[in-house]
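# From the sequence below, what's the structure:
(2 chains)
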Amino acid sequence: MDSLIEFSEEQSMLLDTATDFCNSRSPLDKVRTLISTEKGFEIDEWNAMVELGWLGITIPEQNGGLGLSMADVVPIVEAMGRQLMGSPFLTTTLASQALIHGGTQVQQNEWLPKIATGTIATLALQEEDGDWDLHNLSAIGSINNDSIELTGKKTFVLDAAVAELLIVSISLQGMPALVCVPVDAIPAKQIQRETVIDETRRCYEVNLEGVSVPRSAVMANTCFDVIQRASLLLLSAEMAGGLASTLNTIVEYLNTRKQFDRLIGSYQALKHPAADILLGLEAVRSHVYHAATIYDSGDKAAIEAALHMAKATASEQFAFAGDRAVQFHGGFGFTYDCNAQLFLRRALWSQYQFGDEKYHRQALAPLLLD
Amino acid sequence: MIEHNKDLDVFRADVSKWLKENNPKDPGFILPETFMEVGTDQQFEFLRDWQRKVYDAGYLGMAWPTEYGGGGMPQIYQDVVNAEMAKQRVPFVPNTIGLNWAGPLILNMGREEDKQRYIKGILNADDIWCQGFSEPEHGSDLGNAQCRAVKNGDDYIVNGSKIWTSLGSYAKYMILLARTSTDGDNKYAGLSFFLSPMQVDGIEPQPIKKLTGEYGFCQTHFIDAHIPADCMIGAQGEGWQVAMKTLMFERGATGGQAGGLSMMDINMGDVLELAKRARRNGKPALDDPLIRDELVQLLIEERSNRLMNVRAKIPALNAERPNAISMSGKLRSSELKRKFTQFALSLQGANGARYVSAAAVDGGRWQRSYFNSFSATIGGGTSQIQKNILGERVLGLPKS
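Numbering: from 1, shown residues only, chains lettered A, B, ... in the order given. Predicted coordinates:
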């Protein structure tokens, strides 16, 4: 590795393309309109992303993808985060990572070409107790001849209502396992929308009671580590984008709102925290692009530390910025009409997915101190 | 002099070897941590001799032009030397104002005769430089400087006083910001910038006792001091622009510094090592979960600073606010140091309350370091002023 952070010409172009795409396709008034829809995204935008090849970025060429790296997905997700774009892109990309690193040959050949051309897939890992440790599972699979009968519930399953494939974690003969569950194996009434803090997201509770899959649905490799790494990288990147827009929203208001005949941005009580948020943003982006740079380096300890740091910093800084964004908008900030709440809600949702800053600092302690 | 195109790895090995052989032995007295804390002649002479030795070996000003005494080599060689010096924790080179601020400024905008006259003495430590920006009454508000310089024939007559003039008693020259006019469109318009001699009647550096109980910087009084008019750099009334340029060197936003270490770094590695030695409830403090979390937070912050400095060099990842990282360098590094030295006291249990003495942990260097860390969070524009600057110049917020 030549440098702690590398960013190629191609990645730079991808960042520009994605920024233009998200700016024009997902202005905040449209984000607000989509909040009241069931799906939470527009199929036209989804198709446009498929057209651009974004769904196949990390999918191997023999499966119809581009065979590029996760580092090439980072600029796209960051741009989406800037515009609070509610899209199944994130969860579908994570599901394809799970298939690439954990799927059987048959599963890969069946699903990856479909995903590259626009089939939505998602992950069902979380459970009701909210424990971030993916290994603590109460959803169970029981082997019955050639099939596996599932019981239990999964929560926070993103975009389950539009996904064709769910990758579900269960306990199988006392061991964690991942199974590929086509959505038509689950009765529609067992997929229930959840009320979550970020209204641009669509999360579902999936009741596995009575669902049965063939034994061949079990994935070859229970690759929680890959899923965890990919999730931390992309989520942190998306948060970096959201944090950047939160800062811009604050700065714009501080430069227009007057109180006591002065622009409120002239008051140091607001200016200094704005500078703190700026430094937080610069730190988060640096951690994200460093983690992206070394993601495929094979240096496991370094990658893990970089990802824990990225998510810890992103969680802390984005939540702080969202909190201050509401406060600095004063009375307007207390209203639903103010965009500050959109950013605060996104910040909190992201903070509490895949571990908050304390959780990741605790994971860092043995890596850095012992 | 060093060969120009020597392979970098070979060069690094040479430097490493030279430093191992020449790193001065423990002088038997406590060394200061930065040039701002040089309090005794003994300390000063030790460090000045070290700078000379480094320069004579060709390891200082390596990227500065050869015609003025520099090495004329690509900056990367100096970067290698700096990194090796930090690694081997050799003493710092004390002529910091000359090497990092006055020198780059003179090379950047000085006249040919200025370069001939000043650069070599900066490098070999014959001519020590100090800085005369801040004033006792105006602190961080540099633009409001009231020290007057009135043209009188071939001289300017200077009256007023400057504070924070580190090495003031040893300095031959001062970079001086003084008011040459009181009318003009704004307070900045009347300022001029001088490369002022110090050994002049009426310039009196008076050492000041710091919060640590030691000496290390001066208040410099000017009483009808005559300085030559041709030591002005930039035009009359353009002192503010020149000062801002100098501060860009200070805040690390631009290259051009001569190199060498400018401080004896206490770092997070030392804090970790202290956490292993310190005791909490009969066990190493490092086992305490709250202490572990604080250490991790500090290590993340240290890493953030390092990664930001790397990312700052990639334009495509700094398109929105290209100066945010470079302009916050001093704020970030000085605040981190203040935080971790303060934290190091808390690791020591009751001994946190000791001060420089044999019974104190590590002779009390942590307590002294914590107190001295304020010199960087206050000097060169306080952290609070730095946040104003970031708010106004990077975020575009209105003036306070």
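
# Can you give me every residue that contacts residue 305?
Chain wasn't specified; assuming chain A. A:L364, A:L367, A:L368 (CB atoms under 8 Å, 6 or more residues apart in numbering or on different chains). (Glycine included, C-beta is placed from N, CA and C.)

# wrong one, chain B
B:R332, B:S333, B:L336.

# cool, A:T93 as well?
Residues near A:T93 by CB under 8 Å, 6+ apart: A:L55, A:I57, A:T58, A:V73, A:V77, A:A230, A:L234.

# Was I right to think B:A312 contacts B:I325?
Yes. Using CB atoms under 8 Å, B:A312 and B:I325 qualify as a contacting pair, with a distance of 4.0 Å.

# Comparing these two, which residue is more hemmed in?
B:I325 (28 against 23; other CB atoms under 10 Å in any protein chain shown).

# if I look at the more buried one, how far off is B:E392?
To B:E392, B:I325 is 17 Å away according to CB to CB, to the nearest Å.

# got a pLDDT number for B:P205?
Here the pLDDT value assigned to B:P205 is 94.

# circling back to that earlier point, any chance of the contacts of A:T93 in a markdown table, plus neighbour count, secondary structure and pLDDT?
As requested, the contacts of A:T93 are exported to a markdown table (neighbours: other CB atoms under 10 Å in any protein chain shown; DSSP: H, G, I helix; E, B strand; the rest coil; pLDDT from 0 to 100):
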| residue | neighbour count | secondary structure | pLDDT |
| --- | --- | --- | --- |
| A:L55 | 27 | helix | 97 |
| A:I57 | 21 | coil | 97 |
| A:T58 | 21 | coil | 97 |
| A:V73 | 26 | coil | 98 |
| A:V77 | 27 | helix | 98 |
| A:A230 | 26 | helix | 98 |
| A:L234 | 27 | helix | 98 |
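
# any chance of those in CSV, with distance to chain B too?
As requested, the contacts of A:T93 are exported to CSV (distance: CB to the nearest CB, whole Å):
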residue, distance to chain B
A:L55, 24
A:I57, 18
A:T58, 21
A:V73, 16
A:V77, 15
A:A230, 21
A:L234, 17
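
# Identify the farthest-apart pair in these.
A:L55 and A:A230 (14.5 Å; CB to CB).

# List the buried residues for stretch B:111-125?
B:D114, B:K115, B:R117, B:Y118, B:I119, B:K120, B:G121, B:I122, B:L123, B:N124, B:A125 (16 or more other CB atoms under 10 Å in any protein chain shown).

# That should have said stretch A:206-215, apologies.
Applying 16+ other CB under 10 Å to stretch A:206-215 flags A:V206, A:N207, A:L208, A:V211, A:V213 as buried.

# my guess is the third one meets A:T155, correct?
No. Judged on CB under 8 Å, A:L208 makes no contact with A:T155 at a distance of 11.5 Å.

# So which residues on the stretch 201-350 of chain A come close to chain B?
A:244, A:247, A:251, A:254-255, A:262-263, A:265-268, A:271-272, A:274-276, A:278-279, A:282-283, A:285-287, A:289-290, A:309, A:312-313 (CB under 8 Å from any CB of the partner chain).

# Buried members of the residues you listed into PyMOL, please.
To isolate the buried members of these in PyMOL, using 16+ other CB under 10 Å:
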select buried, chain A and resi 244+247+251+254+263+265+266+267+268+271+272+274+275+276+278+279+282+283+285+286+287+289+290+309+312+313
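
# among the residues of the stretch 201-350 of chain A next to chain B, which are in strands?
A:R262, A:L263 (DSSP state E).

# how far does stretch A:126-145 stretch from start to finish?
Distance across stretch A:126-145, first residue to last, is 28 Å (CA to CA, to the nearest Å).

# Which residues does it contact?
A:125, A:148-157, A:168-173, A:176-177, A:179, A:208, A:212, A:215, A:224, A:227-228, A:354-355, A:359.

# again, only using 6 Å
For stretch A:126-145, the surrounding residues in contact (CB atoms under 6 Å, 6 or more residues apart in numbering or on different chains) are A:125, A:148-153, A:155-156, A:170-172, A:176, A:208, A:224, A:355, A:359.

# So for the lowest-mean-pLDDT helix or strand in chain B, what gets flagged as buried?
Every helix and strand of chain B was ranked by mean pLDDT, DSSP states H and E. The lowest is helix B:239-250, at a mean of 87. Across helix B:239-250, burial judged by 16+ other CB under 10 Å covers B:G239, B:W240, B:V242, B:A243, B:K245, B:T246, B:L247, B:M248, B:F249, B:E250.

# Those into TSV, with extra columns for distance to B:P205?
Output for these, formatted as TSV (distance: CB to CB, whole Å):
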residue	distance to B:P205
B:G239	21
B:W240	24
B:V242	22
B:A243	20
B:K245	25
B:T246	20
B:L247	22
B:M248	26
B:F249	23
B:E250	20
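
# one step back: quick one: which of the buried residues of stretch B:111-125 is nearest to B:R365?
Of all those, B:R365 sits closest to B:A125, with 25.1 Å by CB to CB.

# show me what contacts that closest one?
B:R48, B:Q51, B:R52, B:N95.

# Roughly how far does it sit from B:D49?
Where B:D49 is concerned, B:A125 sits at a distance of 8 Å (CB to CB).

# who touches the strand ranked longest in chain B?
Ordering each strand of chain B by length in residues (DSSP E) puts strand B:215-228 first. Residues from elsewhere that reach strand B:215-228, judged by CB under 6 Å, 6+ apart: B:36-39, B:155-166, B:168, B:196, B:200, B:202-210.

# Domain map for chain A?
Here the domain parsing of chain A from automatic domain parsing is A:9-119, A:122-217, A:224-369.

# quick one, which of the ones you listed is nearest to B:G352?
That would be domain A:224-369 among these, by CB to CB, at 20.5 Å.

# Give me every residue in chain B lying close to chain A.
Residues of chain B lying close to chain A by CB under 6 Å from any CB of the partner chain are B:292-293, B:296, B:299-300, B:304, B:307-308, B:310-311, B:314, B:316-317, B:324-325, B:328, B:387, B:390-391, B:395, B:397-398, B:400.

# just the buried members of those residues?
For those, a neighbour count by 16+ other CB under 10 Å gives the buried set as B:292, B:296, B:299-300, B:304, B:307-308, B:310-311, B:314, B:317, B:324-325, B:328, B:387, B:390-391, B:395, B:397.

# In helices only, show me the residues you listed.
Mapping those onto helices (DSSP state H) picks out B:R292, B:V296, B:L299, B:I300, B:S304, B:L307, B:M308, B:V310, B:R311, B:A324, B:I325, B:K387.

# Could you find the closest non-adjacent residue to the fourth one?
Excluding its sequence neighbours, the residue lying closest to B:I300 (CB to CB, 6 or more residues apart in numbering or on different chains) is A:M309, at 5.4 Å.

# Distance-wise, check that neighbour relative to A:Q341.
28 Å.

# Check A:K300 too.
For A:K300, the distance to A:Q341 - CB to CB - is 40 Å.

# Under the pLDDT cut-off, which ranges of chain B? List them.
B:1-6, B:139-140, B:250-255 (pLDDT under 70).

# which residue is nearest the centroid of it?
With distances taken as CA atoms, centre = their mean, B:T96 lies nearest the centre of chain B, 5.7 Å away.

# from memory that one sits against B:M263, does it?
No. Counting by CB atoms under 6 Å, B:T96 sits too far from B:M263 to count as a contact (8.5 Å).
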